[in-house]
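# Sharing a sequence plus its predicted fold:
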Amino acid sequence: MHNCGISSGNISATLSLLLVFFTLVQERGLDSADLVSFLLELSFHSTGKAYNINTLSGIQRTIIRDLADLGLVKLQQGRKESWFIPTKLATNLSISLSDTSSRKQEYAVVETNFRMYAYSSSKLHCEILRLFARVEYQLPNLIVGAITKESLYKAFQNGITAEQIISFLQQNAHPRVAERIPTVPENVTDQIRLWESDLNRVECIPAHFFEEFPSREVFEAACDHA
């Protein structure tokens, strides 16, 4: 694909290009559902923040350069690592797509037992919810699921934060609960934040392991140098 950077204001042109891109993806034999899921994940990422390309799946690494051509991400090459940086167009994409698929966005109801009901017939809404919740079944106008520890851990590992999830649920609350304060039960929002903090309590950093030193003097010299 040729380079065709797009401003965040030209949403209709972006959607047209994405439709063409979906066709190209299918011609390559790739699953367009994986692409939709990846695009929605990007919309939850932070604009301008660099993410390691090694965290992407094989299919995502295959299409990341095409997304850069569309202006959804910027690529950055370091000495050893490569990074992708979501643009404002990418982080606003789910809102733009939702606006074209449904005039009414208020559809989500979250209960104190972590059950979630979304009054929508949109496949896009279902895919968005699947990013951080376990979707159990979808009726013609109702999506039923649950927010679980496992589904949230998957979201956190994909770069989605607890605050982004909570904000999304609040902004898309069904009219019946939108006027309620809080619109999302406090025990649910508190638990989402706790599960995120639990995941971030331990941080892994690269390290080197040395063994079988020829003598204690060499071992102590290495320790002093470190």
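Everything's here; your move.

# Show the end-to-end separation of stretch 78-90, please.
End-to-end distance of stretch 78-90: 22 Å, with CA to CA, to the nearest Å as the criterion.

# So for it, what gets flagged as buried?
Using 16 or more other CB atoms under 10 Å as the test for burial, stretch 78-90 gives 83-87, 89-90. No exception for glycine: its C-beta is placed from N, CA and C like everyone else's.

# try stretch 138-145
Buried-residue list, stretch 138-145, by 16+ other CB under 10 Å: 138, 143, 145.

# State the three-state secondary structure for the first one.
The local conformation at Gln138, judged by DSSP: H, G, I helix; E, B strand; the rest coil, is strand.

# Quick one, grab the pLDDT at it.
We note a pLDDT of 89 for Gln138 in this prediction.

# Next, the contact list for it, please.
The neighbours of Gln138, taking CB atoms under 8 Å, 6 or more residues apart in numbering as the test, are 126, 144.

# Enumerate every residue touching the residue nearest in space to the middle of the chain.
Closest to where the C-alpha atoms of the chain average out (CA atoms, centre = their mean) is Glu41, at 2.6 Å. Glu41 makes contact with 131, 158-160, according to CB under 8 Å, 6+ apart.

# among the residues you listed, which are in strands?
Among these, DSSP state E puts none in strands.

# Would you mind listing the two of those residues that lie farthest apart?
Between any two of the contacts of Glu41, the greatest separation by CB to CB is 10.4 Å, found for Leu131 and Gly159.

# Can you pull the phi/psi pair for Thr189?
Backbone torsions of Thr189, given as degrees, to the nearest 10, read phi -60, psi -40.

# Revised request: answer the last question for Ala90.
phi -70, psi -40.

# pLDDT below threshold where in the protein?
For the chain, residues meeting the criterion pLDDT under 70 lie at 1-24, 26, 31-33, 93-105.

# Try it again at 80.
Where the chain drops to pLDDT under 80, the residues are 1-41, 43-44, 70, 79, 89-106, 122-124, 158-159, 200-204.

# What segments of it are strands?
Counting by DSSP E, the strands of the chain are 51-52, 73-77, 82-86, 108-110, 115-118, 134-139, 142-146.

# Quick one: closest of the ones you listed to Ala173.
strand 108-110 (5.9 Å).

# residues contacting Asn141?
Contacts of Asn141 (CB under 8 Å, 6+ apart): 119-121.

# sorry, that was for Ser151
132-134.

# try it again with 10 Å
114, 129-135, 145 (CB atoms under 10 Å, 6 or more residues apart in numbering).

# Now the strands of the chain in a markdown table, please, with extra columns for distance to Pro214.
Formatted as a markdown table, the strands of the chain follow (distance: least, CB to CB, whole Å):
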| stretch | distance to Pro214 |
| --- | --- |
| strand 51-52 | 37 |
| strand 73-77 | 40 |
| strand 82-86 | 39 |
| strand 108-110 | 62 |
| strand 115-118 | 61 |
| strand 134-139 | 55 |
| strand 142-146 | 58 |
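
# among those, which is nearest Phe168?
Of all those, strand 108-110 comes closest under CB to CB, at 8.2 Å.
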